[in-house]
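**Q** predicted structure and sequence below. I'll ask about it afterward.
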Amino acid sequence: MGTLHLTPLQPFAAEVTGIDLRDPLTPTQVKAVEDAMDQYAVLVFRNQPLTQTQQIAFAKALGPLDMGLRKLKGGPHRLEYAELADISNVKVDGEVADREHAKIVGNVANQLWHSDSSFQKPRAKYSMLSAVTVPNFGGETEFADLRMAWDELPGWRKQQVESLHAVHYALHSRFLLGDNQYTEEQRKTIPPAIWPLVQTDPRTGRKILFVGIHACEIEGMTIAEGRMLLLDMMEHATQRQFIYQHHWQVGDLVMWDNTSTLHRGRWFDFAERRELRRATTEEVFA
Ligand code: OGA
Ligand code: MN
């Protein structure tokens, strides 16, 4: 059956029932999920604990898989698949990492508003994040709708930003957090990607204000002026009325469209265990 039941949580987020993500998706279900993602941009599936193999299979039904930053760090991986991102504060030995551990800066970087892999081409399309262990307090994930952000920009701003291009760089957010121990070679491993600041979704025709923490410069502007404009746009895009906040329960799977939303994790005590797993598809142009 391909009919999903959608209960809106926000204008751009809905809870989905009527599907078991452990089973292979039928073509009708794939289309239903894609259509729901076009209408909303964040979908919440409760009580769907997936094995790593099931999570990979679900993601693969929706597109080719994205590897994110893993090409930068060849270190040991805790999960069964290199294509799964380990969104956790847990070390390879299964223990919670100390605050000083190199892994924690990645947890902190995820608390900045971003779109996954916007620093590369192809960029990420869908991210599917599955909750394995959640902290007692905090650690929510927030989402902001960049289509609504565009719609709500004043006319003079729309005109100002309409044809600009932003430079997105993988390590910009790391540098911001003081994480700058990278060799010249590592700095060049993922060269910057350039994206139009205003985009039209080829599937829905809706316009999108494509900002986020990986965007660090505007082409043709001084770094200072470009960065200030990007900060202003990000402040606009992340106003409370454009946000859905997800409170995690074990077994939740939340899926979002990186081409039309931003997301960030919220504070939690790094001494507590928080373990999520992410599968991500790449954007493909038809
Ligand atoms: C991610 C991410 C935020 C969080 O998985 O891509 O940014 O709350 N997660 O863990
Ligand atoms: Mn992310």
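**A** Cool, got the structure. Just so it is clear, the model here is predicted, and its values are computed rather than measured. Ligands and ions are numbered 1, 2, ... in the order given.
**Q** which bits of the chain sit near ligand 1?
**A** Listed as neighbours of ligand 1 in the chain under the rule Cβ under 6 Å from any ligand atom: 87, 110, 116, 127, 129, 141, 263, 265, 276, 278. No exception for glycine: its C-beta is placed from N, CA and C like everyone else's.
**Q** make a markdown table out of those residues and add distance to residue 181 and pLDDT.
**A** What follows is the residues of the chain next to ligand 1, written out as a markdown table (distance: Cβ to Cβ, whole Å; pLDDT from 0 to 100):
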| residue | distance to residue 181 | pLDDT |
| --- | --- | --- |
| 87 | 22 | 97 |
| 110 | 19 | 98 |
| 116 | 23 | 97 |
| 127 | 27 | 98 |
| 129 | 28 | 98 |
| 141 | 28 | 99 |
| 263 | 26 | 98 |
| 265 | 23 | 98 |
| 276 | 26 | 98 |
| 278 | 25 | 98 |
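**Q** looking at those, which are in helices?
**A** Nothing among these maps onto helices, per DSSP state H.
**Q** helices along the stretch 101-250 of the chain, start to end?
**A** Remark: helices assigned in the stretch 101-250 of the chain by DSSP state H, counting those that start in this stretch are 102-109, 146-151, 155-161, 172-176, 184-189, 223-237.
**Q** how far off centre is the first one?
**A** Think helix 102-109. Put simply, helix 102-109 sits 15 Å off its chain's centre (Cα atoms, centre = their mean, to the nearest Å).
**Q** pLDDT on it, on average?
**A** Helix 102-109 carries an average pLDDT of 96.
**Q** just after whichever strand or helix holds residue 43, pick out the following helix or strand.
**A** Taking DSSP states H and E as the criterion, residue 43 maps to strand 42-45. Using DSSP H and E, the next helix or strand after strand 42-45 towards the C-terminus is helix 52-60.
**Q** packing partners of that following helix?
**A** strand 124-133, strand 275-282 (3 or more Cβ pairs under 8 Å, 6 or more residues apart in numbering; DSSP states H and E).
**Q** can you lay out the ones you listed as a markdown table showing distance to residue 203 and mean neighbour count?
**A** Listed next are the helices and strands packed on helix 52-60 as a markdown table, based on distance: least, Cβ to Cβ, whole Å; neighbours: other Cβ atoms under 10 Å:
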| stretch | distance to residue 203 | mean neighbour count |
| --- | --- | --- |
| strand 124-133 | 10 | 23 |
| strand 275-282 | 14 | 22 |
